[in-house]
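K.L.:
Here's my sequence, what's the structure:
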Amino acid sequence: MIVKTNVFKKSKKEGKATVLRGLLELFVMNECRDWTTTKNVLDKIKEETSGNWTPNLAAFYSTFRKFEKKGLTTARLSTVEGKKIIEYKLTSKGENELADRKEILKEGIRKNAFVMMRITSYILCNSNEKRKKMIEGIKKTLGEAYE
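P.N.:
Residues are numbered from 1 along each chain as shown. This is a model prediction of the structure:
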């Protein structure tokens, strides 16, 4: 069952920061499916974005605290090479929340992909033939039957 919640945090400021905060939360939850550290999650973000996105560190660390307070993650103290570290893992509540948010994200991507496909093909293609080819290629890639 999908809970009707927004994937992204609602704030007075709409835009890039809100979207990235929502993606940050999803990324953190996704990485916490197994025990991990904040350093590992940051390293993975940098790897996956080829270093093009470093989240605001205050928002990043507060995400872990917020998830723990809400019961979405649990934390444990470990020792690695003589250093004490905190590791995080999703709880069953967190796993359910992640699954719900992923479904909402997929639906949002489907809707936005359709709009982006149509607008981009209109702007980039100077003939209907090229536009049709571009749209068909995107439809094939997405695996969806867009009208």
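
K.L.:
hey, let's count contacts and neighbours off CA atoms from now on
P.N.:
Fine.

K.L.:
longest single helix anywhere in the protein?
P.N.:
Once the chain is assigned using DSSP state H, the helix that runs over the most residues is helix 92-124.

K.L.:
Give me the next element, helix or strand, following that helix.
P.N.:
Taking DSSP states H and E as the definition, the helix or strand that follows helix 92-124 towards the C-terminus is helix 128-142.

K.L.:
Can you name every helix or strand that that following helix contacts?
P.N.:
Secondary structure elements in contact with helix 128-142, counted by 3 or more CA pairs under 8 Å, 6 or more residues apart in numbering; DSSP states H and E, are helix 92-124.

K.L.:
mean confidence score for the helix it packs on?
P.N.:
Helix 92-124 shows a mean pLDDT of 87 in the predicted model.

K.L.:
Of all the residues in it, which ones are buried?
P.N.:
Buried residues in helix 92-124, counted by 16 or more other CA atoms under 10 Å: 94-102, 104-105, 113-114, 117-118, 121-122.

K.L.:
Kindly report the same for stretch 24-39.
P.N.:
Neighbour-count burial for stretch 24-39, with 16+ other CA under 10 Å as criterion, is recorded at 24-33, 36-38.

K.L.:
any idea of the pLDDT on the residue sitting nearest the centre point of the chain?
P.N.:
Nearest to the mean C-alpha position of the chain, counting by CA atoms, centre = their mean, stands residue 23 at 3.3 Å. With respect to pLDDT, residue 23 scores 89.

K.L.:
Quick check on it: phi, psi?
P.N.:
For residue 23, the backbone dihedrals are phi -70, psi -40 (criterion: degrees, to the nearest 10).

K.L.:
How about the contacts made by the residue lying closest to residue 117 once chain neighbours are set aside?
P.N.:
Closest residue in space to residue 117, ignoring its immediate chain neighbours: residue 135 at 6.4 Å, by CA to CA, 6 or more residues apart in numbering. Neighbour list for residue 135: 117, 118, 121 [criterion: CA atoms under 8 Å, 6 or more residues apart in numbering].
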